[in-house]
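Asker: How does the following fold in three dimensions:
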Amino acid sequence: MFDKDTRDAYIEKMKQQLDELNVTMQELEVKAKEAREDAHDKYNEEMTKLREQSHLANEKLNELKAAGEESWKDLVVGTEKVRDAFIKTFHDFKSKL
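Answerer: Take a look at the predicted model:
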């Protein structure tokens with residue numbers, strides 16, 4: 001059906017197309033890996049923030065537990081602000097996943 005020249009040209013054209021696709025695929029793999037690393041770094045950054053806010057919220061809670069009747073009322077507002085910030089950061093992070 002195909003003569004040798006037509007066959008060779010077809011094979012060469014197919015090889016070039018496959019080579020181009022393979023190069024593009026490799027470029028996409030690199031971009032995907034970079035994106036995963038970037039996402040991983042962002043994830044670690046957000047988790048660090050969450051851990052810090054969790055620690056601060058626990059410290060405030062411990063202060064609240066140890067506070068006497070007089071100072072307890074003053075600590076409630078600060079504790080609620082820390083808790084609310086922690087909850088907001090958590091929900092923001094969760095929505096990004």
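Asker: And the pLDDT at residue 3?
Answerer: Note on residue 3: pLDDT of 68.
Asker: For the closest residue to residue 47 other than its chain neighbours, list the residues it contacts.
Answerer: Using CB to CB, 6 or more residues apart in numbering and skipping the chain neighbours, the partner closest in space to residue 47 is residue 93 (7.8 Å). C-betas here are computed from N, CA, C, even on glycine. If a contact means CB atoms under 8 Å, 6 or more residues apart in numbering, then residue 93 has 46-47, 49-50 as its contacts.
Asker: So which of those belong to helices?
Answerer: 46-47, 49-50 (DSSP state H).
Asker: Work out the gap between the host helix or strand of residue 42 and the centre of the chain.
Answerer: Taking DSSP states H and E as the criterion, residue 42 maps to helix 4-66. In terms of CA atoms, centre = their mean, to the nearest Å, the centre of helix 4-66 is set 9 Å apart from its chain centre.
Asker: quick check: angle from the helix or strand following it to helix 4-66?
Answerer: Counting by DSSP H and E, the next helix or strand C-terminal to helix 4-66 is helix 69-96. For helix 69-96 against helix 4-66, the angle by axes from the mean of the first three to the mean of the last three CA atoms, to 10 degrees is 170 degrees.
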